[in-house]
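In: compute the structure for the input listed below.
(3 chains)
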Amino acid sequence: MCETNDEEGGGPEGDEGPVDEQAQFSALLEDSAEDLYEHAPCGYLSTQLDGRIAKINTTLLDWLGYQREDLVGRKHFSDLLTVGGRLYHETHFAPLLRMQGEINGIALELKAADGARLPVLVTSTVKTGSDGQPLLIRTTVFDARDRRAYETELLRARREADQERDRLQVLATTLQQTLLPPALVDVPGLDVAAHYHIASVDQVGGDFYDLFPLAAGTWGLFLGDVCGKGAAAAAITSLARYTLRAAAVYDPDPVAVLGNLNTVLNHEYNGDDPRFCTVVFGLLTPDPDRGGFHITLASGGHPPALLMRADGTADFLPTPGGQLIGVLRDAHIATTTVHLVPGDTLLLHTDGLTEAHTGPTAGGDDRYGDDALLDFGRALAPTTASSTISAVRDLLDTFGSGVEDDTALLAIHAPQPPSEEQQ
Amino acid sequence: MLAHGFGCDQSMWRLVVPALERDFTVVLFDHVGAGNSDLSAWSRERYSTLNGYVDDLLALCRELALGPVTFVGHSVSAMMGVVAAAREPEAFAGLVLLAPSPCFIDDPETGYRGGFSAEDIEELLESLEANYLGWSGAMAPVIMGNPERPELGEELTNSFCRTDPDIARVFARVTFLSDNRADLAEVGVPTLVAQCSTDAIAPREVGAFVHARIPGSRLVTLNATGHCPQLSAPEETAAAIAAFAGGTR
Amino acid sequence: MTKHLTLRTRTTTAGPVVEIAGDLDYDTADKVRAALPGLGLRPGQQLVLDLAGLSFCDSSGITVLIAARNHALAAGASIALAAVPDRVSRIFRIVGLAQVFPTHPTAAAAEAAWRPTGG
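Out: I've put the predicted structure just below:
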């Protein structure tokens, strides 16, 4: 930083020492101080409090192409600025200087006599008298052409990086969406709702779900979680989704469907980097006699579904012994059957929900867990598909960034017949 | 009720508030998009004309239910007061227009001189577009790195660091492209036009124009210089506001 | 968020024992994966993963345990887990891996249970 101890128009003062030496030293100092002021590698400017120029050094005059008499007593500092700079000076620079007594390193542009622009960095301080009253404003002006070019380059690079990042996020989101069904089919007499919670906009997660028609009066549904994140996981998610749909057309028995998926994944990824998924696959048929739906669920190592009954109770539907899909040549698939009576709601979820951090800060050690989810279901029952999804979404919101992994949710509900509903 | 102008927030009034508080109830606020306001409440549609701000102003008056207020508007906020008072005169006991300008651009057809040519304003907006990131980048370390003067405190840091470049660009357009000359004649409440003796943004002849167009208004020219007399000459500014507000109640 | 995972490897007569402590998840799983080739497993040995210090294990963690199993089987060795925390054994039950990995209460018990095979 370049500074001067020069009083406006005066020289150094109050030195002590032997008279001869002092005079000599003083003369030397006076000369060099004055010379430094005039030809310093930065511009110096002193103005009255209203901005009127009282003193200006040769360096700055040379930069601007003005004669001293053009400016001193005639022009204000803001007259040297471009219109944009003048506005900035009046609305930011001057008020801040008033409030702080100094302002450092502000980028402005000066207008030279020939109209050329000079990018500068400006620092100003208010000099106060012994009574603390402001007297004048001292300003140093640094040539910032190089720095401005560098900043411009930096800004350009930053804008490019921002655009690039936006593009990637759009790509990741688009990819995510292609892994999910655009809309769930309408199953007569069934209330369906689903939600996909994206934990990171930068990374594609590997959760998936679908609900689709099979032979007349039969529907298939599945929900699963491919281990890992990113493009590799997305590739398996795609493979799993399409294999499940194709396998279900070929043989809709849930054990057969997951067995086929296991064979495909096991052949595809049986190397040093094992890839697997956990899936629950269900076969859904309406029950015309008792009302509601009959469901057979097969699980390949997936967390159990949560059944919230019409009578207000809730329980997990365990499928013990079902093994995750893709690791072992002959994975064991476990099944369970349930009758969804009118008023019952079944929730399928991935473990992004139960593994979410619940501490006040997301870094806490507490995870939500199965027990809490069961309590949540008990408090919620009886409920509907859309109420369930919206309640779980609210729950996820309370975890904030504590949800580290994507979470897929699929809820199905057998509504009460209309006549009963009105009672 | 004190309303700040472009590039600022309510901290601009800090030096005049102590003097006014002795005799008046003072209401300070940040415009939406400025200072500590809720930035999520800002939208380009609502705040790309003065009307969004005027609506806020009138809503604020209703919400606080203080009865008719003396509204002090600095710079662009002076015109918000003009439009608001023309629309709902019953909400205002009086207006103080501090360094006002109804139109910054010269209008050769009518001989009006706003102080800037249309080219100046274009250049200014371009320079805002091009420089705001650089400016705010340069501002941040200034305000952060002020260890010798801790009394300047957090609020200053916050207000200037929170100037969102996108919002500032839109607010600059509203400020410098608005033309409210026709609204002046609609003002029916007592009005004080307070201008500075030297002001690069709102020159004296603009103050005289505002005074001439608002029926029954009074004009004072403060000794203060610059565009922010509430900072450069707080005592004089507070005294002018107090004298006027005392006479309107 | 900072994730911590530490690995300590020692050798016993039965084969290498790897103590895995901390969070085993997407961010840390590669550390275990990278350590596998350096174990120098020989046919007939038993690789023991000591999970006494494991605080968390998600699907990426499961993956790397399976990778360790594949690695051991490919080398003609076997694998066993020691001191599996309740949370992890619960996950193992859910994903059906409890039958796939022999488990022991401690690393010492795993060593004691090892029988040299013909290899």
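In: quick check: chain neighbours aside, which residue is closest to B:S75?
Out: The shortest distance from B:S75 to any residue other than its chain neighbours is 3.0 Å, reached at B:G5 (Cβ to Cβ, 6 or more residues apart in numbering or on different chains). Every residue, glycine included, has its C-beta placed from N, CA and C.
In: again, but for C:P16
Out: C:L39 is the one closest to C:P16 (Cβ to Cβ, 6+ apart), at 4.8 Å.
In: check contacts around the residue nearest to B:S75.
Out: B:G5 makes contact with A:91, B:12, B:73-78, B:99, B:175, according to Cβ atoms under 8 Å, 6 or more residues apart in numbering or on different chains.
In: on that earlier part again, which residues does the residue nearest to C:P16 contact?
Out: Counting by Cβ under 8 Å, 6+ apart, the residues that C:L39 touches are C:9, C:16, C:18, C:47.
In: redo that, cut-off 7 Å
Out: Neighbour list for C:L39: C:9, C:16, C:47 [criterion: Cβ atoms under 7 Å, 6 or more residues apart in numbering or on different chains].
In: just checking, the second one touches C:L49?
Out: No: C:P16 sits out of contact with C:L49 when judged by Cβ atoms under 7 Å, with a separation of 9.6 Å.
In: mark which of the contacts of C:L39 are buried, thanks.
Out: Buried by 16 or more other Cβ atoms under 10 Å in any protein chain shown: C:16, C:47, out of those.
In: can I get the contacts of C:L39 in TSV with secondary structure?
Out: Formatted as TSV, the contacts of C:L39 follow (DSSP: H, G, I helix; E, B strand; the rest coil):
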residue	secondary structure
C:T9	strand
C:P16	strand
C:L47	strand
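In: tell me which of the contacts of C:L39 is nearest to chain B?
Out: Of all these, chain B sits closest to C:T9, with 47.8 Å by Cβ to the nearest Cβ.
In: can you pull the phi/psi pair for the nearest residue to that closest one once chain neighbours are set aside?
Out: Spatial nearest neighbour of C:T9, excluding adjacent residues (Cβ to Cβ, 6+ apart): C:V18 at 5.1 Å. In terms of degrees, to the nearest 10, the main-chain angles of C:V18 are phi -110, psi 120.
In: partner residues bridging C:V18?
Out: With DSSP bridges applied, C:V18 shows beta-bridge pairing to C:T9, C:L49.
In: tell me the contacts of it?
Out: C:V18 neighbours (Cβ under 7 Å, 6+ apart): C:7, C:9, C:35, C:49-50.
In: which stretches of the stretch 51-200 of chain A have low pLDDT?
Out: Scanning the stretch 51-200 of chain A for pLDDT under 70 picks out A:151.
In: what about stretch A:238-252 and chain C, any contact?
Out: No: taking Cβ under 7 Å from any Cβ of the partner chain as the criterion, stretch A:238-252 and chain C are apart, separated by no less than 13.7 Å.
In: end to end, how far does stretch A:43-61 reach?
Out: One end of stretch A:43-61 to the other measures 8 Å (Cα to Cα, to the nearest Å).
In: buried subset of the contacts of C:V18, written for PyMOL?
Out: Buried residues within these, by 16+ other Cβ under 10 Å, are selected in PyMOL with:
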select buried, chain C and resi 35+49+50
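In: mind naming the longest helix for chain C?
Out: helix C:59-74 (DSSP state H).
In: average pLDDT across that one?
Out: Averaged across helix C:59-74, pLDDT comes to 87.
In: which strands or helices does whatever helix or strand A:L118 lives in pack on?
Out: Using DSSP states H and E, A:L118 falls within strand A:117-128. Under the contact criterion of 3 or more Cβ pairs under 7 Å, 6 or more residues apart in numbering or on different chains; DSSP states H and E, strand A:117-128 touches strand A:102-111, strand A:134-143, helix A:145-178.
In: pull up the pairing partners for it, direction included.
Out: According to DSSP bridges, strand A:117-128 has the following sheet partners: strand A:102-111 (antiparallel), strand A:134-143 (antiparallel).
In: mind listing what's buried in that strand?
Out: By neighbour count on 16+ other Cβ under 10 Å, the buried set for strand A:117-128 is A:118-126.
In: distance of the residue nearest to the spatial centre of chain C relative to C:A112?
Out: Central residue of chain C (Cα atoms, centre = their mean): C:L49, 2.8 Å from the mean position. With distances taken as Cβ to Cβ, to the nearest Å, C:L49 is found 16 Å from C:A112.
In: count of neighbours near the closest residue to B:D38 other than its chain neighbours?
Out: The shortest distance from B:D38 to any non-neighbouring residue, by Cβ to Cβ, 6+ apart, is to B:V32 (7.2 Å). Around B:V32 sit 20 other residues, with neighbours defined as other Cβ atoms under 10 Å in any protein chain shown.
In: now do the same contact list for B:V32.
Out: Counting by Cβ under 7 Å, 6+ apart, B:V32 touches B:41-42, B:47, B:56.
In: okay, and which of the residues you listed map to strands?
Out: Of the contacts of B:V32, none are assigned to strands by DSSP state E.
In: and the buried ones among these, selectable in PyMOL?
Out: In PyMOL syntax, the buried subset of the contacts of B:V32 is picked out as below (16+ other Cβ under 10 Å):
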select buried, chain B and resi 42+47+56
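In: ok, which pair from the contacts of B:V32 is furthest apart?
Out: Using Cβ to Cβ, the contacts of B:V32 span at most 10.7 Å, a distance reached by B:W42 and B:D56.
In: so which of the contacts of B:V32 is the closest to chain A?
Out: Nearest to chain A out of the contacts of B:V32 is B:Y47 (Cβ to the nearest Cβ; 17.5 Å).
In: so what's the backbone phi/psi at that closest one?
Out: According to degrees, to the nearest 10, B:Y47 has phi -110, psi 20.
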